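Asks: Below are the sequence and a predicted model; questions follow.
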Amino acid sequence: MCHQPNAWGSPDGAIPSLAGQQERYLERQLAVFRSGARVDTAMQIVTAHPSVTYQDDIVALARYLTALDPNPNPVQGSGKHLRVGQELYTHICADCHGVAGQGEAANRVPRIAGQNYPYLKRQIEAAATLHKGLAPPEMTSALHSMRPQELDALADYISRLGNSEPLLDSSGPDAMGKYPPPRSPFP
C-alpha cells in the first residue's frame, strides 16, 4: 500500500521506490527493520507481520521486488544545480553505487538511480545519524561535510540517473584518468 502496487513509491516521492532494487540490499534492509536496528514504525509493523516471519519469505519478497521494472518517472528536484550534483556524485558516490547508480548486488550496495528525489534528499540529509552503523563511515562523513545546497543538488542528480536522456557531462575523466575536483557555486 505505501510503496504502491508497482513498488515505485508514493506519488509525492516521500516513500521510496523498491522496484528494481538490489535483492541482497532489500533482504538486509528488511532484516534490519525487523531487528529494530533501522527505525521506521510502518516498516517495523510490516516486518513483524506473520507473512514476513521467515528468511525464505524475505528472500521471496526481495526477489519479487528486484524483478519489477524501476520507476521510469521518479519525482525529481528543481534541476538547478545538476552539474554540482554530477561532480559530487562522481567523487563521492560512483565508486560504490556505480557510475549509473545501479548499486552492487554482491556487496549489498543499493541501486539509487531513479529513486524519488524527496526520499533521496531526506536519506542523504540524515545519513550521518539515521543510518548510524548501517552506512559506511566514509559515506556519512562525506555527506556530513556538505552544505544543504550541495545535498539538494546531489539528491536531484541521483533522481535523474537511469533516465534514457544523457545527464550533462558524459566525457568522463581527464587525460590523467582522474575527475576534476568538485566545484560548488554555493558560497
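Replies: That came through, no problem.
Asks: For the rest of this, base every contact and every neighbour count on C-alpha atoms.
Replies: OK.
Asks: So if we follow the domain assignment, how does the protein break up?
Replies: 23-67, 71-187 (automatic domain parsing).
Asks: Report the mean per-residue pLDDT for the longest one.
Replies: Going back to what we said before, that points to domain 71-187. Here domain 71-187 scores 82 as its mean pLDDT.
Asks: Quick check: the gap between the residue most central in space within the chain and residue 96.
Replies: With distances taken as Cα atoms, centre = their mean, the residue of the chain nearest its centroid is residue 112 (3.3 Å). Look at residue 112 and residue 96: by Cα to Cα, to the nearest Å, they are 11 Å apart.
Asks: With residue 61 instead?
Replies: Distance from residue 61 to residue 96, by Cα to Cα: 24 Å.
Asks: circling back to that earlier point, and for residue 112 and residue 96, which residues touch both?
Replies: residue 103 (Cα atoms under 8 Å, 6 or more residues apart in numbering).
Asks: follow-up on the earlier one: just send the domains of the chain back as TSV, with distance to residue 15 too.
Replies: Formatted as TSV, the domains of the chain follow (distance: least, Cα to Cα, whole Å):
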stretch	distance to residue 15
domain 23-67	11
domain 71-187	6
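Asks: how about the helices in this structure?
Replies: Applying DSSP state H to the chain gives helices spanning 23-35, 41-48, 55-67, 82-88, 94-97, 117-130, 137-144, 148-160.
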